[in-house]
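K.L.:
Provide a 3D model corresponding to the input given below.
(2 chains)
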There are 2 protein chains.
Amino acid sequence: MEDMLLMTPGPTMVPEEVKKIAGMQPFHHRTEEFYQLFSRLNENLKKIFQTKNEVITLTSSGTGGMEAAVANLFSAGDKVLVASIGYFGERFYDIAKAYGLEAEIYDFGWGNAVDLDILEDKLKKGNYKALLVTHNETSTGVTNDIENIAKIANQYNVPVIVDAVSSLGGIPLKMDEWGIDAVITCSQKCLMSPPGLSFIALSDRAWEMTKTSNLPKYYFDLRKAREGVLKLKPDTPATPAVSTIMAVAKATDMLLEKGLDNVYKKQSEYGKKVRKYVKELGLELLPKEEVASDLITAIKVPERYKASDIINYMKEKHRVLITGGQGPLKGKIIRIGHMGYLTDEMLDKALYALEDAISSL
Amino acid sequence: MEDMLLMTPGPTMVPEEVKKIAGMQPFHHRTEEFYQLFSRLNENLKKIFQTKNEVITLTSSGTGGMEAAVANLFSAGDKVLVASIGYFGERFYDIAKAYGLEAEIYDFGWGNAVDLDILEDKLKKGNYKALLVTHNETSTGVTNDIENIAKIANQYNVPVIVDAVSSLGGIPLKMDEWGIDAVITCSQKCLMSPPGLSFIALSDRAWEMTKTSNLPKYYFDLRKAREGVLKLKPDTPATPAVSTIMAVAKATDMLLEKGLDNVYKKQSEYGKKVRKYVKELGLELLPKEEVASDLITAIKVPERYKASDIINYMKEKHRVLITGGQGPLKGKIIRIGHMGYLTDEMLDKALYALEDAISSL
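P.N.:
Next comes the predicted model:
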């Protein structure tokens, strides 16, 4: 049977070339083969993160990478601001609370982006040790203006920690140039690979912060992991998900061969195409057009439909998987992911399935 | 080129059927396909752990599973005893220290097993909140007598946390029957799958302990993970390594079809065969025969050889990968892993490669 077409916020479709590698015998992680592989991955990741610093590979989901940021940069009682625009903003807040930070969440509203004026006002007065913010909020289909968020935060000397789990490698994020202090992503979204790895890079300032952090960590100890990455024959403290590293090395080769700018351009076209199509079907986007994500589109479900009916119809009749709303948006929206590996044919199939559902139900 | 034959303490060889599945498009983790897969895996794991309680799947290496045990069962300042017989005993101690436990390590010596009399003496006097111990110490090729260790610990009402990362599914470990409170393992050793997942099961007493633990955790929060496992449509709090779950489900199907007792019997035969062969070559085992592991054999390197020469010769000439010593045993031993997926032909090839190295160098 044909694979289900995953138009979801991850796991996303994995290209044939990458799947083939994911199905190979994993290397042993203390061998020349692995050192070469890991060096290649690390170089690829630096280009995609657009940073001169090391990118750390963790065997975990993106949430583990977010936790690594919290556990390595802060100490109990540190005051941080979470600028939340949805489900994953709240997750960042939950992690910060779990680690005993004095975390404050400001909810800009599910469906909105961070309002820069409000943010500036908060940062000016708050005396925060850091700002935690989501780049692309998959729960609402909204992309934050990280470039300007980072600019404001840097004006007030507040380090910026960015959850780029669903965005990195899909839409522009210039870590060093924009002055971002931590960027976290994972394997199964824009990096076109199976789930199981997260990646995190820190700025020089953030590496300094790791020196004074007193929170417990071992598996997610980024300083120890960096020692491994910096070796002439780079490795990881514990056995990593070698097969997935092999897969991501291949997928990032492909991404860089295509060229980041070309990827961004294509992604932007896909975003526009989906939104245009959705509106032509008479449907309404959840967010305003100007903050709508090019990676995932959140659509309000009209009164006459049930979200689950649309999802099930597309799944059963067309083998296209989209997702519904999370938290307060459950039952109120449907979400079409269009991040990562995607061809025109795949997108057309998904849009046709949506049209068929809307006209048939 | 033929795959390198990994005779290592993991990653180990992955059977063709399992690799094929690891290379498939991962399911989305909020679908019926995934719920069925995860249910099947969970049932398989309970049989292999030999427990009535839930087994929790974490996307991490085995070290992450060990950390999950520490972070969920204890509070800062808790006094625990680590009965160490090598590198991974020390790792357990390091994790406990990283989390602020009052951890005490007793080193029974690299190459020895835990001495039951000494252990009893320690447990009698120590007022420990728990005992942390390695089942099969890959750094020295020694297997601890967990059944009797647990018996003694239970006499003194000390919960037993067992690192079974390299043993579970290869040699007997009867969690419930032996009265073990936590068992941790991973995907890439006896479970014949690619690395990237760890698994942990807790006794009723250990689940009680999680209620009072005050250590920070989010990604490794076992109580939250258990809620997911207990759902009618079981899932995980964050996106798991779906492809690896697919692989382990298949591999554990295969293991259970073969039958645990048959697997244990075969593994015991392999252990005996390797030790006999090694001794016939005039080589000496690191541990005493009666505590030698059936999963990995540690061999003293005679004066006239260099460990790295033997390893390189076997690798270059025969494409058989064995490993050297860790820590204080670096350069002093070689280790032949024979855990997980292994056929008579593979083992013969490895032993012949060893013989050739010994006679040619």
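K.L.:
now the helices for the stretch 151-300 of chain A?
P.N.:
Applying DSSP state H, counting those that start in this stretch to the stretch 151-300 of chain A gives helices spanning A:175-178, A:204-212, A:222-230, A:242-258, A:260-280.
K.L.:
check contacts around the residue of chain A found nearest chain B.
P.N.:
As assessed by C-beta to the nearest C-beta, chain B sits closest to residue A:23 within chain A, at 1.9 Å. All C-beta atoms are positioned from the backbone trio N, CA, C, and that covers glycine. Contact analysis of residue A:23 by C-beta atoms under 8 Å, 6 or more residues apart in numbering or on different chains lists A:243, B:19, B:20, B:21, B:22, B:23, B:24.
K.L.:
Mind putting those into CSV with secondary structure and distance to residue A:251?
P.N.:
Converted to CSV, these look like this (DSSP: H, G, I helix; E, B strand; the rest coil; distance: C-beta to C-beta, whole Å):
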residue, secondary structure, distance to residue A:251
A:243, helix, 13
B:19, helix, 18
B:20, helix, 20
B:21, helix, 19
B:22, helix, 15
B:23, coil, 13
B:24, coil, 16
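K.L.:
Of the residues you listed, select the buried ones using a PyMOL command.
P.N.:
Restricted to buried positions by 16 or more other C-beta atoms under 10 Å in any protein chain shown, the PyMOL selection for those reads:
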select buried, (chain A and resi 243) or (chain B and resi 19+21+22+23+24)
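K.L.:
What is the nearest of the contacts of residue A:23 to residue A:75?
P.N.:
Distance to residue A:75, by C-beta to C-beta, is smallest for residue A:243 among the contacts of residue A:23, at 36.2 Å.
K.L.:
Would you mind naming what in the stretch 201-350 of chain A lies close to chain B?
P.N.:
Within the stretch 201-350 of chain A, the residues that sit near chain B (C-beta under 8 Å from any C-beta of the partner chain) are A:215-221, A:237-244, A:321, A:323.
K.L.:
per-residue confidence at residue A:1?
P.N.:
Confidence at residue A:1, expressed as pLDDT, is 72.
K.L.:
quick one on the thing from earlier: and the helices of the stretch 151-300 of chain A, which is most packed in?
P.N.:
Most buried of the helices of the stretch 151-300 of chain A, by mean neighbour count (mean count of other C-beta atoms under 10 Å in any protein chain shown): helix A:242-258, with a mean of 23.
K.L.:
how big is the angle separating it from helix B:242-258?
P.N.:
For helix A:242-258 against helix B:242-258, the angle by axes from the mean of the first three to the mean of the last three C-alpha atoms, to 10 degrees is 150 degrees.
K.L.:
Mind putting the helices of the stretch 151-300 of chain A into CSV with distance to residue B:168?
P.N.:
Listed next are the helices of the stretch 151-300 of chain A as CSV, based on distance: least, C-beta to C-beta, whole Å:
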stretch, distance to residue B:168
helix A:175-178, 41
helix A:204-212, 34
helix A:222-230, 26
helix A:242-258, 20
helix A:260-280, 42
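K.L.:
quick one, which of the ones you listed is nearest to residue B:102?
P.N.:
Checking those against residue B:102 by C-beta to C-beta gives helix A:222-230 as the closest, at 22.6 Å.
K.L.:
Might you calculate how far the closest one sits from the centre of the chain?
P.N.:
22 Å (C-alpha atoms, centre = their mean, to the nearest Å).
K.L.:
Give me the contacts around it.
P.N.:
Outside helix A:222-230, the residues touching it (C-beta under 8 Å, 6+ apart) are A:38, A:42, A:54-58, A:68, A:72, A:200, A:202, A:207, A:210, A:234-237.
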